[in-house]
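**Student:** output the structure for:
(chains A, B, C and D)
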Protein chains: 2
Amino acid sequence: MSKDRAPTRIQKKNRAAILEAALNVFSAYGFRGATVDQIAAEAGLSKPNLLYYFPSKEAIHTALLSGLLEIWLAPLHDLDADGDPLEEIRAYIHRKLQMSRELPRESRLFANELVQGAPRIHDALSNDLKTLMDEKTAILTAWMEQGKIARLHPYHLIFSIWALTQHYADFDVQVRAILGDEDPYEGAEPFIDTLYRKLLAP
Amino acid sequence: MSKDRAPTRIQKKNRAAILEAALNVFSAYGFRGATVDQIAAEAGLSKPNLLYYFPSKEAIHTALLSGLLEIWLAPLHDLDADGDPLEEIRAYIHRKLQMSRELPRESRLFANELVQGAPRIHDALSNDLKTLMDEKTAILTAWMEQGKIARLHPYHLIFSIWALTQHYADFDVQVRAILGDEDPYEGAEPFIDTLYRKLLAP
DNA sequence: TCTTGATTTGACCATCTGGTCAAACTCACG
DNA sequence: CGTGAGTTTGACCAGATGGTCAAATCAAGA
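**Tutor:** Numbering: from 1, shown residues only, chains lettered A, B, ... in the order given. Sure thing, here's the model as predicted:
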């Protein structure tokens, strides 16, 4: 592979195809359960060809995760201290729920990693995520002290939003086994909205 | 192994040791990520000896899951139509949260399975779980119609309880990366209690 | 104690899996 | 075109993994 040149047309196409395929396979089977052959087949490449673009299975996984982490945390990043408290939080919830609906594979990719102790993203959790959390919970705390929203444990407030929204992507099979044909998000959206409206009222 | 006789002392001990070891390993690495050698070592047996008690890796996993499913659904089973609505629900939440705290491995065992599409317990979800859900949501709906609790989508109400309680077991690493030394359940218990108190008020 | 069934194990096997490599092929550009 | 860099592949390898088996060891009742 070229040393440091700008990526060729083919490189761009194949790298993208590999990451897309890896997202499918890793999110469905976990790191250990996924095989390089499977990813290669799904990307329409031979295994050696895939390994021409990424040095190892681990490298693909890392590239995927770090590439997606930013997207994943973006909604929380957007929480604005200067906006209307209730509206900001509701917007955050709305974006998170939308992400569960539109990016369920990404959600399950992280879920797989987390359930198994996050061996490959432990650092990102303790650094990037922790920092972002501290920053945003400070905003929540300020709102609480100003009496703009109910006084609650700010960390658990965020946890609850994560839990409620990602549940629908991560445990999709279970939700659908119970709801049958009913669209999960049809009911989830108003339910969660009501929940936080009641919870956050000062 | 004996055909159908009562299990010997040794059989009892070893089967129990295997299931205990398998719970550790499967919950931490998922089905595919776990190895028979690892389970055998953790159970203090040689691999062939382990396979003398269970015919295959799959069989161990199945035995574990079906053996635990009952325990797992017990709290919901206990929800009593004749009790006080709010107290019944709060007691259910309390039991679920306690299970997350005391049986995190079991929670992650199911989480691993669910995130990956529940290939091995799909039937149990559509049958046992679905049946139990329908039965219990009927109770909730009745309570709502009697004006004893707020009118909400009963399925999503249960989902929310699952999501909020299991989050602490399943994504333990993430929670701890953020809370540091603080005991997650210390804050979670009152937070969740407050949440449902506000949510369910008619 | 002796015997018989239960238990344990070392050696082994087939398959899968991540990864390598040299050779072949393709493409873009002068 | 021709050429060199970029791309692709068949063949291959070492180690891991699930599982088998015959032989050895152990335990408990007659």
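
**Student:** domains for chain A, by residue range?
**Tutor:** If you go by the TED database, the domain ranges for chain A are A:1-55, A:64-200.

**Student:** now the helices for chain A?
**Tutor:** With DSSP state H as the criterion, chain A has helices at A:9-33, A:36-43, A:47-53, A:57-77, A:85-102, A:104-115, A:122-124, A:130-145, A:154-170, A:172-179, A:184-200.

**Student:** could you dump those helices to JSON lines with mean pLDDT, distance to B:Thr165 and mean neighbour count?
**Tutor:** No exception for glycine: its C-beta is placed from N, CA and C like everyone else's. Conversion of those to JSON lines gives the following (pLDDT from 0 to 100; distance: least, CB to CB, whole Å; neighbours: other CB atoms under 10 Å in any protein chain shown):
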{"stretch": "helix A:9-33", "mean pLDDT": "96", "distance to B:Thr165": "23", "mean neighbour count": "18"}
{"stretch": "helix A:36-43", "mean pLDDT": "98", "distance to B:Thr165": "34", "mean neighbour count": "18"}
{"stretch": "helix A:47-53", "mean pLDDT": "98", "distance to B:Thr165": "41", "mean neighbour count": "15"}
{"stretch": "helix A:57-77", "mean pLDDT": "97", "distance to B:Thr165": "22", "mean neighbour count": "16"}
{"stretch": "helix A:85-102", "mean pLDDT": "98", "distance to B:Thr165": "18", "mean neighbour count": "18"}
{"stretch": "helix A:104-115", "mean pLDDT": "98", "distance to B:Thr165": "15", "mean neighbour count": "23"}
{"stretch": "helix A:122-124", "mean pLDDT": "94", "distance to B:Thr165": "24", "mean neighbour count": "14"}
{"stretch": "helix A:130-145", "mean pLDDT": "98", "distance to B:Thr165": "21", "mean neighbour count": "16"}
{"stretch": "helix A:154-170", "mean pLDDT": "98", "distance to B:Thr165": "9", "mean neighbour count": "23"}
{"stretch": "helix A:172-179", "mean pLDDT": "98", "distance to B:Thr165": "14", "mean neighbour count": "20"}
{"stretch": "helix A:184-200", "mean pLDDT": "98", "distance to B:Thr165": "15", "mean neighbour count": "18"}
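
**Student:** from B:Pro184, how far off is the closest residue to A:Gly117 other than its chain neighbours?
**Tutor:** In space, and not counting its chain neighbours, A:Gly117 is closest to B:Val173: 5.4 Å by CB to CB, 6 or more residues apart in numbering or on different chains. Using CB to CB, to the nearest Å, one gets 11 Å for the distance from B:Val173 to B:Pro184.
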